[in-house]
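In: okay, here's the prediction I keep looking at, along with the sequence it came from:
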Amino acid sequence: MLLNFIFVQNLLGMNHLFVNKFIIALNFGLFLGFHAFSQEGNITIQQDPKIAQLMELQAEMAQDNDFGERYKIQIFYGNNGQATAVLKEFHEKYPEFPTTIEYQTPNYKVWIGDFRNRLEADRAFLRIKDEYQSAFIFKPNGG
């Protein structure tokens, strides 16, 4: 076995031994270099306690739909008696949609839904558009 090692060394020549030592020295040097310049540290985050309160308030508002950024569909505007009749009729046909009557001088308006996005409003609109041809989608707070 020793003869095989000597034979391989003679066959490859002395340059091979030099290359092996150089590679070992290079790896050792890189290891020491990276280790010598590594840093450790701690990060401390200071947060205003009101942020947690605001996050809780936002979660409650999202759950209660108080953002005012929701879409609605207006299906009627006119006098109070007709608005009440339309609301009752609509609620009997589509009980899954919330319905309200809003008064804006001089008319009463029947609004349905509280849709989170335009896609939800469009889906509902497609269901009712044939029966309520004056219906349209909007955001109540001008959004």
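Out: Structure received. Numbers count the residues shown, from 1 in each chain.

In: low-confidence ranges in this structure?
Out: 1-23, 25-39, 62-69, 142-143 (pLDDT under 70).

In: tell me where it has helices.
Out: Taking DSSP state H as the test, the helices found in the chain are 2-12, 14-37, 50-64, 80-93, 118-128.

In: for the fourth one, name the packing helices and strands.
Out: For helix 80-93, the packing partners by 3 or more C-beta pairs under 8 Å, 6 or more residues apart in numbering; DSSP states H and E come out as strand 71-78, strand 99-104, strand 107-115. Using the backbone N, CA and C atoms, a C-beta is placed for each residue, glycine as well.

In: residues making contact with the longest one?
Out: Under the criterion C-beta atoms under 8 Å, 6 or more residues apart in numbering, residues 65, 70-80, 82-84, 86-87, 90, 94, 97-103, 120-121, 124, 128, 140 lie in contact with strand 107-115.

In: could you export it as PDB, CA atoms only?
Out: What follows is strand 107-115, C-alpha atoms only, in PDB (Å, rounded to 0.1, in the frame of the first residue of the first chain):
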ATOM      1  CA  ASN A 107     -86.100  60.400  -2.000                       C
ATOM      2  CA  TYR A 108     -86.000  57.100  -0.200                       C
ATOM      3  CA  LYS A 109     -83.500  54.600  -1.600                       C
ATOM      4  CA  VAL A 110     -83.400  50.900  -1.200                       C
ATOM      5  CA  TRP A 111     -79.900  49.500  -0.900                       C
ATOM      6  CA  ILE A 112     -78.900  45.900  -0.700                       C
ATOM      7  CA  GLY A 113     -75.800  44.100   0.200                       C
ATOM      8  CA  ASP A 114     -72.600  44.900   1.900                       C
ATOM      9  CA  PHE A 115     -70.100  43.400  -0.500                       C
END
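
In: burial measure for Tyr108, as a count.
Out: When neighbours are defined as other C-beta atoms under 10 Å, Tyr108 has 19 of them.

In: setting aside sequence neighbours, what's the nearest residue to it?
Out: With C-beta to C-beta, 6 or more residues apart in numbering as the criterion, Tyr108 has its nearest non-adjacent residue at 3.8 Å, and that residue is Ala83.
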